[in-house]
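[1] My questions are about this predicted structure, shown below with the sequence.
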Amino acid sequence: MIRLIRGFRDILPEHTGLWALVEGVARELLENFGFSEIRLPVLEHTELFARGIGADTDIVEKEMYTFTDRNGDLLTLRPEATAGVVRSYVEHGFCASAPVQKLYTMGPMFRRERPQRGRYRQFYQINAEVLGVQSPLADAQLLVLVHEFFSRLGVTDAAVHVNSLGCPNCRNPYKEELKSYLAAKSGRLCQNCLRRKETNPLRVLDCKSEQCAEAVAGAPSMTDWLCDACRDHFAAVLSAAESQGVALVLDPRLVRGLDYYTRTTFEVRTSALGAQNAVAGGGRYDGLVQLLGGPPRPGIGFAVGVDRLVEILAAQKGYPQKCPDVYFACLGDAAKKAGFSLAAGLARAGVAAEMDFDGAGLKGQMKRAGKSGARFVVILGEDELAGQKAQVRNLKTKEQTEQPMEGLVESLARRVKEEKDNG
Ligand code: ATP
Ligand code: MG
């Protein structure tokens, strides 16, 4: 038997309903907030991610699936979506023709991390990006959107953490201050952070190791170092988001390590996930369009981790079961043919209908009908066929009636609709 690759998984039919529900809610909400879908390839030139994510990151240093194509091109399976969205924005000339773009995309990402619960090598994200808008209202709109998304799905313990990383003008002096603070804590940092405290000191602030978390507990906060423009921007983001009822957790330890990340940064965390507690992350990247060869254009976006979100929802209320509306239990070949045609008619009318192709006895078929969760079962046997009628049983109320075959599709469709309307 050939098996799955480690860190990759199949999303099986009993689970895909919840995935589709999450994606459906996201799609509707994003469209309501004025976003348009963009679909991008999963394979890009390695250079895009090396530049767009930054050489000095775990992703680029050790997690990318990279290979040389037959013609010698160096290609990588996308580890995230933003770089591709920005590439497309620049490549299609939106920077000049229509610089304000609100885009979303959904799909698989690939990172060769250590697989564990909530961490896979192929995982799925829902991404939203706003390009070409400097206003703090864009940041606030994303926070409102994210908050509404989680509350629509009924995730009760999602906390939106937010911070500002300032701009290069105020962040550089802050970095120097942070470096000298970290220099004094050298003895208490992990190996990784001993290196990063020089190259990328902000990264140390969100190191997951306990000793580093303790060491940075008293570190200076970026928000105390913001220049006037960045402070005003941050205040405007917070007040606009809070005016819409979004509860925010100010978190001075929340960072993204790269220079093109600016100002607002945020992460949604839940307690339901154990160590992998981040279910969405985002922020402003005002330097990225230029870094990828475009003119200076601001940007901000976020990514929701769908695998983790589905896990939370499944733990809260299980996976929704998919049930047919009508199940056909047919005895004998002639009845099977009649059932086949009725089931097809119902499916065409938008009613989920199922039949047992091979089932022989009535008892077995009724059992399967019950197990399927169907609301109605239609029983067709020789007697019924002879009299051009069918037995229709409501499996919830156990009430059974005889109905003429003529007009059965319409009458069943009507009854299914009534049952649904009455819950
Ligand atoms: P983490 O800190 O958990 O590694 P991250 O900062 O690498 O997350 P982002 O790059 O911001 O994550 O991606 C956004 C979201 O995608 C995360 O909040 C998470 O829900 C999800 N995610 C990231 N990596 C994985 C993975 N390997 N498997 C499943 N989901 C992931
Ligand atoms: Mg990660």
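    Sure, I can see it. Not measured: the values here are computed from a predicted model. Ligands and ions are numbered 1, 2, ... in the order given.

[2] got a list of what residue 66 touches?
    Residues near residue 66 by C-beta atoms under 8 Å, 6 or more residues apart in numbering: 46, 74, 75, 76, 77. For every residue, glycine as well, the C-beta is placed using N, CA and C.

[3] And residue 340, by the same measure?
    Residue 340 neighbours (C-beta under 8 Å, 6+ apart): residue 355.

[4] So it belongs to a strand, correct?
    No: read with DSSP: H, G, I helix; E, B strand; the rest coil, residue 340 is helix and lies in no strand.

[5] how near is it to residue 380?
    Residue 340 sits 10 Å away from residue 380, going by C-beta to C-beta, to the nearest Å.

[6] Equivalent analysis for residue 24, please.
    35 Å.

[7] of those two, who's got more company?
    Neighbour tally, residue 24 and residue 380, criterion other C-beta atoms under 10 Å: the higher count belongs to residue 380, 25 against 10.

[8] my guess is that one contacts residue 333, does it?
    No: Residue 380 is not in contact with residue 333 according to C-beta atoms under 8 Å; the separation is 11.3 Å.

[9] mind listing the strands for the stretch 151-300 of the chain?
    Remark: strands assigned in the stretch 151-300 of the chain by DSSP state E, counting those that start in this stretch are 159-164, 248-250, 262-269, 278-284, 299-305.

[10] Point out the one among those strands that comes closest to ligand 1.
    strand 299-305 (2.0 Å; C-beta to the nearest ligand atom).

[11] Tell me the gap between the closest one and the middle of its chain.
    10 Å (C-alpha atoms, centre = their mean, to the nearest Å).

[12] List the contacts of the residue nearest to residue 336 when sequence neighbours are not counted.
    Spatial nearest neighbour of residue 336, excluding adjacent residues (C-beta to C-beta, 6 or more residues apart in numbering): residue 330 at 4.6 Å. Applying C-beta under 8 Å, 6+ apart to residue 330 gives the contacts 336, 338, 339, 355, 356, 359, 365, 379, 380, 381.

[13] Quick one: find the helix or strand in this structure with the lowest mean pLDDT.
    Ranked by mean pLDDT, DSSP states H and E, the weakest helix or strand in the chain is helix 58, scoring a mean of 82.

[14] picking that back up, check the gap between the residue nearest to residue 336 and ligand 1 for me.
    Distance, residue 330 to ligand 1, by C-beta to the nearest ligand atom, to the nearest Å: 45 Å.

[15] which residues does that residue bridge with?
    Residue 330 has these beta-bridge partners by DSSP bridges: residue 380.

[16] coming back round to it: helix or strand right after the least confident helix or strand of the chain?
    Proceeding N to C from helix 58, the next assigned helix or strand is strand 66-68, under DSSP states H and E.

[17] what angle separates the longest helix seen in the chain from strand 299-305?
    Counting residues, the longest helix found in the chain (DSSP state H) is helix 13-32. Between the axes of helix 13-32 and strand 299-305, defined by axes from the mean of the first three to the mean of the last three C-alpha atoms, to 10 degrees, the angle is 160 degrees.

[18] Show me what counts as buried in helix 13-32.
    By neighbour count with 16 or more other C-beta atoms under 10 Å, helix 13-32 contains the buried residues 18, 19, 22, 23, 25, 26, 29, 30.

[19] go on, stretch 275-286?
    In terms of neighbour count (16+ other C-beta under 10 Å), stretch 275-286 has its buried residues at 276, 278, 279, 280, 281, 282, 283, 284, 285, 286.

[20] Stretch 102-116 now?
    Quick answer for stretch 102-116 (16+ other C-beta under 10 Å): 102, 103, 104, 105, 106, 107, 108, 109, 110, 111, 112, 113.

[21] Now the fifth one, what are its backbone angles?
    According to degrees, to the nearest 10, the main-chain angles of residue 106 amount to phi -130, psi 140.

[22] Repeat that for the first one.
    Residue 102 adopts backbone torsions of phi -120, psi 110, taken as degrees, to the nearest 10.

[23] Look at it and report its pLDDT.
    Residue 102 carries a pLDDT value of 98.

[24] quick one, phi psi at the residue lying closest to it once chain neighbours are set aside?
    Using C-beta to C-beta, 6+ apart and skipping residues adjacent in sequence, the residue nearest residue 102 is residue 35, 4.5 Å away. Phi and psi for residue 35, reported as degrees, to the nearest 10, are phi -90, psi 150.
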